[in-house]
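Student: Structure, please.
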Amino acid sequence: MLPVRATAKTKGVRAEDVKGLLPLMTLMVIIFLMLLFWENELNEEGEVSTMEQLHVDYPQSDIPVRYCNRMVLQRVIRGPDNTCKKEHVFIHERPRNINRVCASSKKRICQNRSSTLCFQSMTKFKMTVCQLVGGTRYPACRYRMSSMQGFVVVTCDDMGPVSLQGYVE
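Tutor: As a prediction, the model looks like this:
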């Protein structure tokens with residue numbers, strides 16, 4: 001018996017075969033690049049934080065040591081050009097109660113803003129005030145913590161509080 005020798009006929013890849021895939025591959029690269037840039041745009045927009053993300057900590061986080069330092073890092077709280085903020089306030093109150101400040105009868109013109117109205121809360125809220133004690137550039141900021149109760153002063157739009165303008169003890 002003679003040994004059977006199997007030979008497979010291999011067919012090489014020809015240029016005509018690849019030409020049909022070229023438009024599809026180009027489209028896939030374009031879609032990939034669009035998704036990549038879209039994701040970067042979303043990340044940049046994500047840096048714009050709401051008042052709730054920046055200032056509301058309810059219920060108060062259970063951080064026994066260095067509350068301010070940890071919260072500032074966790075929430076990425078910083079000034080322009082990555083500078084340390086001189087003061088930052090965390091409000092320990094339900095968001096719906098903070099939203100009610102916009103309906104307060106205590107209205108006044110905001111400091112440093114000629115025509116913007118500020119609203120002051122009718123009741124005092126529990127707050128933590130973080131005062132900068134060391135560092136100039138984020139994230140190397142060190143803060144001292146003070147717990148207090150005070151009236152919050154906010155600016156509002158149709159959706160509710162926009163920014164915390166300050167507090168009154």
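
Student: Now name the helix or strand holding the nearest residue to Val168 once chain neighbours are set aside.
Tutor: If you skip the residues right next to it in sequence, Val168 has Phe151 as its closest partner in space, 4.4 Å away by Cβ to Cβ, 6 or more residues apart in numbering. Glycine gets a C-beta too; all of them are placed from N, C-alpha and C. Using DSSP states H and E, Phe151 sits in strand 142-157.

Student: what about the residue nearest to Val168, distance to Val101?
Tutor: Counting by Cβ to Cβ, to the nearest Å, the separation of Phe151 from Val101 is 9 Å.

Student: Need the overlap of contacts for the two.
Tutor: When contacts are counted by Cβ atoms under 8 Å, 6 or more residues apart in numbering, the set common to Phe151 and Val101 consists of 120-122.

Student: Any regions of this structure where pLDDT drops low?
Tutor: Judged against pLDDT under 70, the low-scoring parts of the chain cover residues 1-19, 32-48, 113.

Student: Please enumerate the strands of it.
Tutor: 87-91, 107-109, 117-120, 125-134, 142-157, 160-168 (DSSP state E).

Student: picking that back up, let me know the angle separating the strand holding Phe151 from strand 87-91.
Tutor: Put simply, strand 142-157 runs at 70 degrees to strand 87-91, going by axes from the mean of the first three to the mean of the last three Cα atoms, to 10 degrees.

Student: which helices and strands sit right next to strand 142-157?
Tutor: Using 3 or more Cβ pairs under 8 Å, 6 or more residues apart in numbering; DSSP states H and E as the contact criterion, the elements in contact with strand 142-157 are helix 67-74, strand 87-91, strand 117-120, strand 125-134, strand 160-168.

Student: Who has more neighbours out of Phe151 and Val101?
Tutor: Each of Phe151 and Val101 has its neighbours counted (other Cβ atoms under 10 Å); Val101 has more, 24 against 18.

Student: Chain neighbours aside, what residue packs nearest to that one?
Tutor: The spatial neighbour of Val101 that comes closest, neighbours along the chain excluded (Cβ to Cβ, 6+ apart), is Ser121 at 4.6 Å.

Student: again with His88
Tutor: Counting by Cβ to Cβ, 6+ apart, the residue nearest His88 is Cys130, at 4.6 Å.

Student: And for Cys110, the neighbour number?
Tutor: Tallying neighbours of Cys110 according to other Cβ under 10 Å, which is how burial is gauged here, yields 17.

Student: repeat for the one 5 residues further on
Tutor: A count of neighbours around Ser115, defined by other Cβ under 10 Å, yields 6.
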